[in-house]
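Enquirer: Predicted coordinates and the sequence they were generated for:
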Amino acid sequence: MPWDFLFIFFVLIVIVPWRGWARLQRLLALPYISSRDRILLYLTSITTQWIITALVAWRSFARGLSLRQLGLNFKPTLELLLIGILGGILISVAHWFNLRRVGRSKNPAVDKIRALAAKIFPHSNQEAFVFCGLAVTAGICEEFLYRGFVFAALSHLSVPAWAILFISSVMFGLAHAYQGRSGMIGTLLLGTVFGSVRILYDSLVPIVFWHAAVDIVAGFAGKRYLIENK
């Protein structure tokens, strides 16, 4: 594997999880986070993700990876859009009811989830607007990184599809380690579903919709059931 690809894997496996965890610890240590602080958090996350994605895309194309290898396949367009939209609706509904269930739980472990939600989820319409931009960014950028680049780079080395699916899902789970063990495992499983769809349709299009939908619902349902419904 080329040195730049190895460096990208190092960043995704080590640096991204570490930065996410360290950033969360700083947030949780703060007694209060203002609306301005949350919006700044969203904007810096958006900027960082797009910069990383642009750099990875640059090195991918420089190394000869094609759009199709990276999952940037848009045909059959109508079928991919329908799967993305309809699947996004179904997964949104399921995620909404799951967060409602969590919010109504009396399990002491939910207190940690509430503390996290109060820090990072939007509290106002203005924050929600910027948060939606972050959700769409995550849907595009994270899918390109973990189901686009990782799949293409490992496929180029003739790694079996099942192993690529496993590796990319573990990496995706590690990137969300700041959510705790249950959050990391849940994200790993979600990444396995997303990766399977990527293999099935040879495209990132459907799962970009699904990923963005999951994050948008997390923001709105999290505000309703984890912050307001205490």
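Expert: Everything's here; your move. Note that this is a predicted model, so its numbers are computed, not measured. Numbering: from 1, shown residues only.

Enquirer: For Ser155, give its distance to Asp215.
Expert: Distance, Ser155 to Asp215, using Cβ to Cβ, to the nearest Å: 27 Å. No exception for glycine: its C-beta is placed from N, CA and C like everyone else's.

Enquirer: So those two - more neighbours on which side?
Expert: Of the pair Ser155 and Asp215, Asp215 is the one with more neighbours under other Cβ atoms under 10 Å, namely 19 against 14.

Enquirer: Retrieve the pLDDT associated with that one.
Expert: For Asp215, the pLDDT comes out at 95.

Enquirer: Ser92 now?
Expert: Here, the pLDDT recorded for Ser92 equals 94.

Enquirer: what's the answer for the one 4 residues further on, then?
Expert: Per-residue confidence at Trp96 stands at 94 (pLDDT).

Enquirer: Who are the packing partners of the helix or strand of the chain with the lowest mean pLDDT?
Expert: Lowest by mean pLDDT, DSSP states H and E among the helices and strands of the chain is helix 110-120, with a mean of 84. Secondary-structure packing of helix 110-120 (3 or more Cβ pairs under 8 Å, 6 or more residues apart in numbering; DSSP states H and E): helix 16-29, helix 35-62, helix 77-104.

Enquirer: could you dump the ones you listed to CSV with mean neighbour count?
Expert: Listed next are the helices and strands packed on helix 110-120 as CSV, based on neighbours: other Cβ atoms under 10 Å:
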stretch, mean neighbour count
helix 16-29, 14
helix 35-62, 16
helix 77-104, 15
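
Enquirer: out of the ones you listed, which comes closest to Phe129?
Expert: helix 35-62 (9.2 Å; Cβ to Cβ).
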